[in-house]
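A.B. asks: Have a look at this fold, sequence not included:
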Ligand code: HEM
């Protein structure tokens with residue numbers, strides 16, 4: 001639980017911030033990192049107890065199975081503009097929203113899917129608070145390096161380095177907190 005629940009969430013937050021820095025125009029609609037940068041690109045290994053057929057392929061009994069969610073999430077046959085960071089594709093109210101039923105699988109699918117998925121939604125609150133409470137800037141004019149490193153959960157090759165300044169909202173919160181604590 002500790003391994004599966006902590007680093008996955010931290011790494012996804014770092015990827016989300018990196019994607020947003022490279023797409024400042026979508027800062028308000030932050031939510032598409034899990035498709036392009038899934039923390040577990042091959043999910044976890046699965047094992048077939050019986051013969052089965054997956055996507056037209058016959059899988060013998062007792063095989064170890066890896067699902068390449070990373071590739072499925074970037075497959076141009078499944079996604080419009082597959083490599084584009086375009087959060088509105090997930091907004092149900094938008095005309096361009098896509099049906100992502102079984103093609104989005106950052107948390108796996110079925111009985112062995114991630115049991116922490118609901119908890120991982122905390123990620124949106126963390127990201128939302130970071131955007132709401134701080135103004136963020138890149139340290140240079142260069143795009144943030146989106147190269148992927150090795151390991152699980154999938155890390156950034158170069159750790160994200162950015163600057164932040166607290167917004168007014170946080171000064172107000174902190175001063176009311178100080179007043180209330182006396
Ligand atoms: C952004 C955050 C997270 C991502 C992307 C993620 C992703 C995944 C994926 C892909 C799997 C494997 C599913 C499969 O192979 O079909 C998994 C399994 C698992 N996750 Fe998560 N996870 C996240 C957060 C969490 C949290 C917060 C917890 C618990 C506090 C958690 C607990 C687990 C456990 C225990 C398993 C193993 C389930 C099993 O084998 O039956 N995960 N997760």
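C.D. replies: Structure's in. What do you need? Given the structure is predicted, the values throughout are model-derived calculations rather than measurements.
A.B. asks: ok now do the nearest residue to residue 66 once chain neighbours are set aside, which residues does it touch?
C.D. replies: Counting by CB to CB, 6 or more residues apart in numbering, the nearest residue to residue 66 once its immediate chain neighbours are dropped is residue 42, at 4.6 Å. C-beta here means a position set from N, CA and C on the backbone, and glycine is covered the same way. Taking CB atoms under 8 Å, 6 or more residues apart in numbering as the criterion, residue 42 is in contact with 66, 67, 68, 69, 70.
A.B. asks: go on, residue 123?
C.D. replies: Contact partners of residue 123, counting by CB under 8 Å, 6+ apart, are 9, 12, 13, 16.
A.B. asks: Report the separation between it and residue 14.
C.D. replies: Distance, residue 123 to residue 14, using CB to CB, to the nearest Å: 11 Å.
A.B. asks: Report the contact partners of the residue nearest the centre of the chain.
C.D. replies: Note on the chain: the residue nearest the mean C-alpha position is residue 34, at 2.7 Å, using CA atoms, centre = their mean. By CB under 8 Å, 6+ apart, residue 34 lies in contact with 12, 104, 106, 107.
A.B. asks: which pair in those residues spans the largest distance?
C.D. replies: Comparing all pairs in those by CB to CB, the longest separation belongs to 12 and 104, at 14.0 Å.
A.B. asks: Contact residues of this structure facing the ligand?
C.D. replies: Along the chain, the residues adjacent to the ligand under the rule CB under 6 Å from any ligand atom are 1, 4-5, 8-9, 12, 39-40, 43-44, 106-108, 112-116, 119-120, 123.
A.B. asks: Noted, bye for now.
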